[in-house]
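Enquirer: Here is a sequence with its predicted model. Questions after.
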Amino acid sequence: MRHCLSLFVLISLLNLSSVAGRDTGSYDTLKVLCPNDSCKTGITVSELMEYSWDKKACPKDSSCKVHQLENIHQYNVMPVFKFLVRKSGKALNLKADNIGYSCLHTRLKAARLNEKDSVCDSYFVIERIVFPSSQERVSNYFKTKINNKLLKVDVVSEAPVSCFTYWRGNALIIVWYNFFDDEKLIKKSVETYLRNLE
């Protein structure tokens, strides 16, 4: 099962396949600066879906297929929930499977032009999770546990994938990316994208 999860996430992150297989003919592009002023990064949104989860997936847009959202829930969200409740979940009587939430799922591509005019592409996935008022105990627990700091998620995988999560405003942010990509650049790109949503 873990091997299948690793393969799925890797393929998804490298953009060889899509979790949703959605037509992405129209793209939104943002421009951000890298730490080095001579290095520019273009961020392209290649997939965008919104749904809520309460024992089952409820898409916000009817064009999203339920099985696509179930895949996102199972492979992108649940591993992080299970990681976060692993130590204290029993004491709090908290089960990852019972957590309801709303999610904005985004797949981004960051095309970076370095000093040698070489283009380096990075693909990553953001899950922006907001909890309803009925899940206040869960959101308070996650917020306290993470404490606004970037937390690396323990990913058991043979594939070169990595994941981090952090609390931002009223949302839990989950980011899946290629292990060999620059984590600082990914984080900067994520923050730029999320600021543009506000």
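Expert: Arrived safely.

Enquirer: switch to C-alpha atoms for all contacts and neighbour counts from now on
Expert: Fine.

Enquirer: For the longest helix along the chain, which helices and strands make contact with it?
Expert: In the chain, assigned by DSSP state H, the helix with the most residues is helix 183-197. Applying 3 or more CA pairs under 8 Å, 6 or more residues apart in numbering; DSSP states H and E, one finds that helix 183-197 contacts strand 28-33.

Enquirer: again, 10 Å this time
Expert: Under the contact criterion of 3 or more CA pairs under 10 Å, 6 or more residues apart in numbering; DSSP states H and E, helix 183-197 touches strand 28-33, strand 40-53, strand 101-113, strand 119-130, strand 161-168, strand 171-178.

Enquirer: Which positions within it qualify as buried?
Expert: Leu185, Ile186, Ser189, Val190, Thr192, Tyr193 (16 or more other CA atoms under 10 Å).

Enquirer: ok now do the second one, which residues does it touch?
Expert: Contacts for Ile186 (CA atoms under 10 Å, 6 or more residues apart in numbering) come out as Leu108, Lys109, Ala110, Ser122, Tyr123, Phe124, Val125, Val175, Trp176, Tyr177, Asn178, Thr192.

Enquirer: Can I get those residues in CSV including distance to His67 and pLDDT?
Expert: Shown next, in CSV, are the contacts of Ile186 (distance: CA to CA, whole Å; pLDDT from 0 to 100):
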residue, distance to His67, pLDDT
Leu108, 21, 89
Lys109, 24, 85
Ala110, 27, 80
Ser122, 26, 80
Tyr123, 22, 86
Phe124, 21, 91
Val125, 18, 95
Val175, 21, 96
Trp176, 20, 95
Tyr177, 22, 93
Asn178, 24, 89
Thr192, 30, 87
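
Enquirer: Identify the farthest-apart pair in those residues.
Expert: Largest separation among those by CA to CA: Asn178 and Thr192, giving 18.9 Å.

Enquirer: can you tell me how far Val155 sits from Arg86?
Expert: To Arg86, Val155 is 13 Å away according to CA to CA, to the nearest Å.

Enquirer: any shared contact partners between the two?
Expert: Common neighbours of Val155 and Arg86 (CA under 10 Å, 6+ apart) are Val80.
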